[in-house]
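Trainee: Return a 3D structure for these sequence lines:
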Amino acid sequence: MAQEEKFLVTKEGLDELVKEHDHLIHVVRDEVIIELQEARAQGDLSENADYDAAREHQAQVEARIRDLEAMIAKAEIIEGDKKTKKKAVTLGSTVTILDMDSNEEETYTIVGSIEADPLNGKLSNITPLAVALMDHKTNDIVEVSGAETPYEVKILSIK
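Mentor: Numbers count the residues shown, from 1 in each chain. Predicted structure coming up:
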């Protein structure tokens, strides 16, 4: 049997997954039950669009609950050595970089893929940029070659 896939996640990311799971179980499920009851009360279920929509919503909620349960069960919390984190980029590091072409600064936290949200500064550890940054130190100039067009960035700080 193949080794189970682990999902790398920060402690905060795992807390968010657990929070979403609890919300779906204790709030949304009850709301869906009410939707179904109201749709059933309308009569004939064979041509009842509200009932069909409520059943679809129920299926989506239950699928998300199952997905979250699987992710939580396979979650591996990212814990880096505090001394190493300050010296080199690792999972969980917050890195400020300078794009050498555009001269723009950006800050990202390197996280596991399940909590990635680039628009909010959370970069998946499997993206070309994160892969290129790993194990590099402040003031290193790193070539991001896994991107469509290779480019260079300078690491300004690591937290």
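Trainee: okay, CA-based contacts and neighbour counts for the rest of this
Mentor: Will do.
Trainee: what does stretch 148-159 rub up against?
Mentor: With CA atoms under 8 Å, 6 or more residues apart in numbering as the contact definition, stretch 148-159 has outside contacts at 85-89, 93-101, 137-145.
Trainee: rerun at 7 Å
Mentor: With contact meaning CA atoms under 7 Å, 6 or more residues apart in numbering, stretch 148-159 is reached by 85-86, 89, 93-100, 137-145.
Trainee: of the residues you listed, buried ones?
Mentor: If you count burial by 16 or more other CA atoms under 10 Å, the buried members of the contacts of stretch 148-159 come out as 85-86, 89, 93-99, 137-138, 141-144.
Trainee: Mind checking which of these are in strands?
Mentor: The members of those that map onto strands under DSSP state E are Thr94, Val95, Thr96, Ile97, Leu98, Asp99, Ile141, Val142, Glu143, Val144.
Trainee: Contact partners for the first one?
Mentor: The one in question is Thr94. Thr107, Tyr108, Thr109, Ile110, Ile158, Lys159.
Trainee: on that earlier part again, which one among the ones in strands among the buried ones among the contacts of stretch 148-159 gets closest to Arg40?
Mentor: For those, the closest approach to Arg40 (CA to CA) belongs to Thr94, at 51.0 Å.
Trainee: for the closest one, which residues make a bridge with it?
Mentor: Thr109 (DSSP bridges).
Trainee: ok, so what distance separates it from Gln58?
Mentor: Thr94 sits 38 Å away from Gln58, taking CA to CA, to the nearest Å as the criterion.
Trainee: which parts of the strand or helix carrying Ser157 are buried?
Mentor: Assigned by DSSP states H and E, Ser157 falls within strand 151-158. Neighbour counts over strand 151-158 (16+ other CA under 10 Å) mark Glu152, Val153, Lys154, Ile155, Leu156, Ser157, Ile158 as buried.
Trainee: Direction included, what does that strand pair against?
Mentor: Strand 151-158 has the following sheet partners, assigned by DSSP bridges: strand 94-99 (antiparallel), strand 141-144 (antiparallel).
Trainee: Return the distance of the longest one from the chain's centre.
Mentor: I take that to be strand 94-99. 20 Å (CA atoms, centre = their mean, to the nearest Å).
Trainee: So which residues of the chain form helices?
Mentor: Along the chain, counting by DSSP state H, helices occupy 11-23, 29-40, 49-73, 82-87, 128-133.
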